[in-house]
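In: Fold the following for me, if possible:
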Amino acid sequence: MKTNFIPVDYDYFDWKGRNYIKLIGRNDKGKRVCVIDSFEPYFYAILKGKTSEKKIQKIMKKINKIEIKSSSRTTKIEKVQLQEKNYLGKKVKALKIFITNYKDAHPVADKIGMKEIEARREYDLKLITKYITEKEIVPLSWYSVEGKLLNGN
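Out: A predicted model of the protein is given here:
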């Protein structure tokens, strides 16, 4: 199904240990619409300038083993990507760390306290803020959305 849609409210929820984004708004006929979208939560670890490639690979393997258990979920590292980023006006190497549940971003970031890591960034941003920024959603603007209709009322 395809429709025009204007989001007016944003939220997220967990399902099977993962985060999903909920955009609530109206279609061009004035009917209330809720769009559910998946999102891969992530944050960055900025590496110190002289970290060798061999050491970076070891750090990435160590990070991939991190697991946070709580009563209702287990958060794991999905993947780690090495990227070139701008940080404080300088080109740096950074690890983009994807996690299964953004609610555990702080505890995961706390476990990444290695001496080769200069800073950890974006783990303290709200998930909705990251989603809107990454997807370049402008509030109260029209979008064409396409997906599966879950409730035809």
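In: what helix or strand does the residue lying farthest from the centre of the chain sit in?
Out: When distances are taken from the C-alpha mean of the chain, residue 29 lies farthest, 31.9 Å away, according to CA atoms, centre = their mean. Residue 29 belongs to no helix or strand when elements are defined using DSSP states H and E.
In: before we move on, what about residue 133?
Out: helix 127-135.
In: What residue spans form the domains of the protein?
Out: 2-39+132-146, 42-125 (automatic domain parsing).
In: gap between the residue nearest to residue 24 when sequence neighbours are not counted and residue 150?
Out: Excluding its sequence neighbours, the residue lying closest to residue 24 (CB to CB, 6 or more residues apart in numbering) is residue 9, at 4.4 Å. C-beta: built from backbone N, CA, C; applies to glycine. Counting by CB to CB, to the nearest Å, the gap from residue 9 to residue 150 is 18 Å.
In: hey, where'd the strands end up in this protein?
Out: 2-15, 18-27, 32-38, 42-47, 67-69, 74-87, 90-99, 117-121, 143-146 (DSSP state E).
In: So for the fifth one, mean pLDDT?
Out: The reference is to strand 67-69. Strand 67-69 shows a mean pLDDT of 91.
In: Report the distance from it to the chain centre.
Out: 17 Å (CA atoms, centre = their mean, to the nearest Å).
In: cool, and the second one?
Out: Strand 18-27 has its C-alpha centroid displaced from the chain centroid by 15 Å (CA atoms, centre = their mean).
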